[in-house]
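A.B. asks: Below: sequence and its predicted model.
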Amino acid sequence: MSLEATVTLILNLVGVVLNAAALWQQIIANYRNYNANHMHNANEDVDIESGDANLADRPQPVDNSAAGMDIPLTPMPPPPKSEP
């Protein structure tokens, strides 16, 4: 294998690892956001009369915009129509 092919392979592998790390960070951030917004701690002090829980103890949503992770989730466009 030539030197150019070896360098290209190594750089591609580094890119794959960095992309996997960024994807993993996004998955973890989304998981934390979902839990902060949708889950309730069973040990919270809940006022039965009003239904309010102690919001100070509840985890707050994570703001990912500063980390450049504010990727909009847009649907894929439909595939082009093929002519017969």
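C.D. replies: It's in.
A.B. asks: The helix or strand hosting Val7 - contacts with which helices or strands?
C.D. replies: Per DSSP states H and E, Val7 falls inside helix 3-38. Using 3 or more Cβ pairs under 8 Å, 6 or more residues apart in numbering; DSSP states H and E as the contact definition, helix 3-38 packs against no other helix or strand. All C-beta spots, glycine's among them, are computed from the backbone N, C-alpha and C.
A.B. asks: So which bits of that helix are buried?
C.D. replies: Across helix 3-38, burial judged by 16 or more other Cβ atoms under 10 Å covers Ala29, Asn33.
A.B. asks: count of neighbours near Ser2?
C.D. replies: 7 (other Cβ atoms under 10 Å).
A.B. asks: can you tell me how far it sits from Ile10?
C.D. replies: 13 Å (Cβ to Cβ, to the nearest Å).
A.B. asks: same deal with Ala20?
C.D. replies: With the distance defined as Cβ to Cβ, Ala20 ends up 16 Å from Ile10.
A.B. asks: got it, and Pro79?
C.D. replies: As judged by Cβ to Cβ, Pro79 and Ile10 stand 36 Å apart.
A.B. asks: Same question for Trp24.
C.D. replies: The value you get for Trp24 to Ile10, if Cβ to Cβ is used, is 21 Å.
A.B. asks: how about low-confidence regions in this protein?
C.D. replies: 36-75, 84 (pLDDT under 70).
A.B. asks: mind checking the SS state of Lys81?
C.D. replies: Of the three states, Lys81 takes coil under DSSP: H, G, I helix; E, B strand; the rest coil.
A.B. asks: burial measure for it, as a count.
C.D. replies: Neighbours around Lys81, by other Cβ under 10 Å: 5.
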